[in-house]
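Asker: predicted model, plus sequence, below.
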Amino acid sequence: MKKAVLGLSLSVLLGSATAVGINFATGNQDVVNASSEVSLASVTTEHVDETLAQVSFKMKKPKKLPFQETETLSSQKNLGNGKLVQLNYRDKNSKGFVVLDATDMQRNLASEKYPITTVVLANGTTASFTDNGVVQVLFWAQDGVSYSIKATRGEGKKAFNAAELADIANSVE
Amino acid sequence: MNKKFSALLVCGFVLSYAVTTTGVHAATSYPVNCGTAANTSSTCNNSISVNESETYFTHTLSDYFRATDAYHIYFSTTTFDPGTVYRGSPVFEDYYVNDNYNSRYTTFSDYYGKYLSDYGSITMGVGITTGYGPNAYQSPTTNLYIQNQSSSNCSVLHPCREYISANQFKVN
């Protein structure tokens, strides 16, 4: 019995030391694994249709983007007691992007520092717009789903205005 | 050495390796649970450390809140405190105040897309009152999302990963 306890203790110590040693030697690369259950909210993948199929609400995609995109990436995460899905479109020719997200939970946009203005979409829905100096943001709801767009043309480039983001929102059908 | 003893040693090694590996990489504490008595204020802190292929950083989220009565919690301010960015260029994403009792969610995008390394401590006014119920699904949460890189860099080869720093609140 004593041998078993001693042996088990040594094997536990050896296992821990090996793990620490390997992590140290490899610079602790490539986390996730078990920690994904703890604090990783989402990971982008190219499997857009699979991501959209995993939620109980229907997220519509934009038919119009302000640039020619590269591959579309998607992710999903929990939002309170519901789910939130994100589609990430990147400009093929610059650092610009449009991130469209959707959730079946009721939400609203707030800001401490930046003014929030409203813009009326083609279907009569009122959307909220703000610009934080890096990205421009539009929030609206349609068909029981709350959408947001976060977009930029890239650092140092002209910001999108509310009408331009509304154009993208109007194409979500 | 008999077979059972050998199996015990192997199991010990494998188990401890797995647990330690997780511990080395683990981002900590989701969510941190905080409570205060009715008519009192408190601060809820949640520190995370993320170390992965694109980035290695630490961050502390601190929410200052007050239980205004047994059924409501007021969120006064929040502080984002980027500790150290050892590697990569992680960015802030949205900060949510989730009123889970009433299924209402408020999003602050003030720092969305901004690099952690560009900031020291940031304190932001929140000013939101949520409902409160004793069950976990009824109690409010605050969530700050941090992405391992800018959305302009997400690709199949370099996927964007969002990490969450979250606090959950109750009235004691």
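Answerer: Sure thing, it's come through. Numbering: from 1, shown residues only, chains lettered A, B, ... in the order given.

Asker: please count neighbours and contacts with C-alpha atoms only from this point.
Answerer: OK.

Asker: what about the helices in the chain?
Answerer: You didn't pick a chain, so chain A it is. Applying DSSP state H to chain A gives helices spanning A:2-25, A:48-53, A:162-170.

Asker: that's the wrong chain, I meant chain B
Answerer: Counting by DSSP H, chain B has helices at residues B:3-25.

Asker: B:Thr77 is in contact with B:Ile122, isn't it?
Answerer: No - if you go by C-alpha atoms under 8 Å, B:Thr77 and B:Ile122 don't touch, sitting 10.2 Å apart.

Asker: and those two? Which one has more around it.
Answerer: The neighbour count for B:Thr77 versus B:Ile122, taken as other C-alpha atoms under 10 Å in any protein chain shown, is higher for B:Thr77 (16 against 12).

Asker: what bridges to the more buried one?
Answerer: Taking DSSP bridges as the rule, B:Thr77 bridges to B:Tyr64, B:Gly125.

Asker: look up how far A:Asn93 lies from the closest residue to A:Val98 other than its chain neighbours.
Answerer: Spatial nearest neighbour of A:Val98, excluding adjacent residues (C-alpha to C-alpha, 6 or more residues apart in numbering or on different chains): A:Ala151 at 4.3 Å. The gap separating A:Ala151 from A:Asn93 is 15 Å, by C-alpha to C-alpha, to the nearest Å.

Asker: again, but for B:Tyr145
Answerer: In terms of C-alpha to C-alpha, B:Tyr145 sits 27 Å off from A:Asn93.

Asker: any stretches of the chain with poor pLDDT?
Answerer: Reading this off chain A. A:1-38 (pLDDT under 70).

Asker: that's the other chain; I wanted chain B
Answerer: Along chain B, segments meeting pLDDT under 70 span B:1-30.

Asker: A:Ser74 is in contact with A:Thr51, isn't it?
Answerer: Yes - the pair A:Ser74 / A:Thr51 is scored as a contact, 6.6 Å apart, by C-alpha under 8 Å.

Asker: what segments of chain A are strands?
Answerer: A:40-43, A:73-79, A:82-90, A:97-103, A:106-110, A:117-120, A:126-131, A:136-142, A:145-152 (DSSP state E).

Asker: same check, this time on chain B
Answerer: Under the criterion DSSP E, chain B contains strands at B:32-36, B:40-51, B:56-69, B:72-87, B:91-99, B:104-108, B:122-131, B:141-147, B:161-171.
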